[in-house]
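In: Below are the sequence and a predicted model for it; my questions follow.
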Amino acid sequence: RRSASQWSPSSWRSYPARQQAPYPDDVATQKKLARVYRTLEKLPALVTHESVDSLRTHLAQCANGNAFCLTGGDCAEAFATCSAECVGSKVRVLEQMRTILSQQLGGLPVVVIGRMAGQYAKPRSSDFEKLPNGRVVASFRGENVNGIHENERRPDPERLIRGYYHSAATLQFAATAARDLRQLSSTFDLATLAGCAEQHQCSTESVVVGGRSHIY
């Protein structure tokens, strides 16, 4: 294990890598991949170190029994669901759950962590899969890597750029939506939460408790 003094932005490259996107070895794809890397290196970080420090502080409070941690979101996101309707619905459900949990826990603070804004790449047990029609294609590894349609399974480095901007848009909107909801004076009850499935069809089928991503 490396110490903090041994860390550098590129030190991660010295560790074994698993579940990497199987980009083709042709010259054109490798040049595109290098170009994408250079672009991403220049873009602002999606999460600041201040946010990381804040999350550590909140999680320490949860570990000490002074707060409750609620995590919810998607196992996998799609670029098509990066919309105000879908993201807003997920945030609303989490905020309703936060309010109800806090009420049931006697006012204990609830730390909400949204599993969103980055669930665009998924591990797979095999690099290939056999479709019902008998065709063998590359496994779908999330929209950061390739498309779900069988004719879009070739890994494309440009998708990493799209993933960055979709993540950034989701983060910004989720943070704003959460702040706006917390400013509302109305309170949520269990009956309201029970009605979420009908009101927020875009999100409630995919919201799960337990996961990881960004705190807002």
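Out: Cool, got the structure.
In: which parts of the longest helix seen in the chain are buried?
Out: For the chain, the helix reaching the highest residue count under DSSP state H is reported as helix 158-183. For helix 158-183, the neighbour count (16 or more other C-beta atoms under 10 Å) marks 159-160, 163-164, 166-168, 170-171, 173-175, 177-178, 181 as buried. All C-beta spots, glycine's among them, are computed from the backbone N, C-alpha and C.
In: Out of those residues, which comes closest to residue 20?
Out: residue 160 (12.2 Å; C-beta to C-beta).
In: Distance check, the closest one against residue 37.
Out: 8 Å (C-beta to C-beta, to the nearest Å).
In: try residue 13
Out: Counting by C-beta to C-beta - residue 13 and residue 37 are separated by 11 Å.
In: quick one: which of the two has more around it?
Out: Using other C-beta atoms under 10 Å, the more surrounded residue of residue 13 and residue 37 is residue 37, with 11 against 8.
In: which element is that one on?
Out: In this structure, residue 37 sits in helix 27-42 according to DSSP states H and E.
In: what's that helix packed up against?
Out: helix 158-183 (3 or more C-beta pairs under 8 Å, 6 or more residues apart in numbering; DSSP states H and E).
In: what ranges do the helices span in the protein?
Out: Taking DSSP H as the criterion, the chain contains helices spanning 27-42, 49-63, 84-104, 158-183, 190-194, 196-199, 201-204.
In: Those: which one's closest to residue 111?
Out: Nearest of those (C-beta to C-beta): helix 49-63, 4.5 Å.
In: chain center to the closest one, what's the gap?
Out: 18 Å (C-alpha atoms, centre = their mean, to the nearest Å).
In: Any buried residues in it, and which?
Out: 51, 58, 61, 62.
In: Could you export the residues you listed as a markdown table, including pLDDT and distance to residue 70?
Out: Conversion of these to a markdown table gives the following (pLDDT from 0 to 100; distance: C-beta to C-beta, whole Å):
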| residue | pLDDT | distance to residue 70 |
| --- | --- | --- |
| 51 | 92 | 17 |
| 58 | 96 | 11 |
| 61 | 97 | 13 |
| 62 | 97 | 10 |
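In: The closest residue to residue 33 other than its chain neighbours - how many residues pack around it?
Out: Nearest-residue entry for residue 33: residue 157, 4.2 Å, with adjacent residues in sequence omitted and distances by C-beta to C-beta, 6 or more residues apart in numbering. Each residue near residue 157 was counted by other C-beta under 10 Å, and the total is 22.
In: didn't residue 157 look like it was pressed against residue 32?
Out: Yes. Shown here, residue 157 and residue 32 form a contact pair, counting by C-beta atoms under 8 Å, at 4.9 Å.
In: Wait, residue 135 touches residue 151, no?
Out: No. Using C-beta under 8 Å, residue 135 is not in contact with residue 151, being 10.1 Å away.
In: out of the two, which sits in the busier spot?
Out: residue 135 (10 against 7).
In: roughly how far apart are residue 43 and residue 74?
Out: 23 Å.
In: Give me the more crowded residue out of these two.
Out: Legend: neighbour count by other C-beta under 10 Å for residue 43 and residue 74, higher for residue 74 (23 against 11).
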